[in-house]
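Participant: sequence and predicted structure, then a few things I'm wondering about:
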Amino acid sequence: QVQLVDSGGGLVQAGDSLRLSCAASGGSFNTYHMGWFRQAPGKEREFVAAIRGTGSVTYYAASVKGRFTISRDNVKNTMYLQMNSLAPEDTAVYYCAAGHSYGSSRAADYDYWGQGTQVTVSS
């Protein structure tokens with residue numbers, strides 16, 4: 001079983017950048033496919049990005065492709081989400097997740113979740 005702690009959120013202005021981190025412990029990190037999801041107030045949780053256990057393949061939601069970059073360091077047991085050109089519509093609580101379903105964009109396919117980190121983008 002893996003425990004996830006996500007961090008790095010904050011209040012920024014439109015056009016700024018942030019890097020989120022997700023630190024994993026208690027499991028074989030490189031055997032898990034990892035993902036980032038986000039949930040804005042009054043909306044359902046939505047897929048942002050995913051990365052294979054090896055880090056060799058990544059997937060992005062259309063809304064963030066070209067602006068966000070997902071990566072992982074299997075030595076440090078940490079996953080990252082570099083977010084550039086942030087916009088007010090990116091405001092949400094961001095969650096990292098771990099599972100064994102390759103490249104899934106479905107929240108139900110992830111078994112473990114971080115506690116969430118708030119990202120607020122002002123216009």
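Facilitator: Right, received. Where do you want to start?
Participant: tell me which residues in stretch 86-93 are buried?
Facilitator: 86, 90-93 (16 or more other Cβ atoms under 10 Å). From N, CA and C alone the C-beta is placed, and that goes for glycine too.
Participant: show me these that map onto helices.
Facilitator: Among the buried residues of stretch 86-93, DSSP state H puts none in helices.
Participant: and the furthest pair within the residues you listed?
Facilitator: 86 and 93 (14.7 Å; Cβ to Cβ).
Participant: name the SS class of the residue nearest the centre of the chain, please.
Facilitator: Centroid-nearest residue in the chain: residue 36, 2.4 Å away (criterion: Cα atoms, centre = their mean). Secondary structure, DSSP: H, G, I helix; E, B strand; the rest coil: residue 36 is strand.
Participant: one more: residue 30?
Facilitator: Assignment for residue 30 (three-state DSSP): helix.
Participant: rewinding a little: now, which of the buried residues of stretch 86-93 sits nearest residue 14?
Facilitator: Set against residue 14, the nearest of the buried residues of stretch 86-93 by Cβ to Cβ is residue 86 (6.4 Å).
Participant: identify the residues contacting the closest one.
Facilitator: 12, 14-18, 67, 119, 121 (Cβ atoms under 8 Å, 6 or more residues apart in numbering).
Participant: at 6 Å what do you get?
Facilitator: 12, 16, 121 (Cβ atoms under 6 Å, 6 or more residues apart in numbering).
Participant: show me the strands in the protein, by range?
Facilitator: Per DSSP state E, the chain carries strands over the ranges 3-7, 10-13, 18-25, 33-39, 46-51, 58-60, 68-73, 78-83, 92-99, 112-113, 117-122.
Participant: nearest to residue 105 among these would be which one?
Facilitator: With Cβ to Cβ as the measure, strand 46-51 is the member of the strands of the chain nearest residue 105 (3.9 Å).
Participant: ignoring the adjacent residues along the chain, who's closest to the residue nearest to the centre of the chain?
Facilitator: The shortest distance from residue 36 to any non-neighbouring residue, by Cβ to Cβ, 6 or more residues apart in numbering, is to residue 48 (4.2 Å).
Participant: surely that neighbour meets residue 35?
Facilitator: No - judged on Cβ atoms under 6 Å, residue 48 makes no contact with residue 35 at a distance of 7.5 Å.
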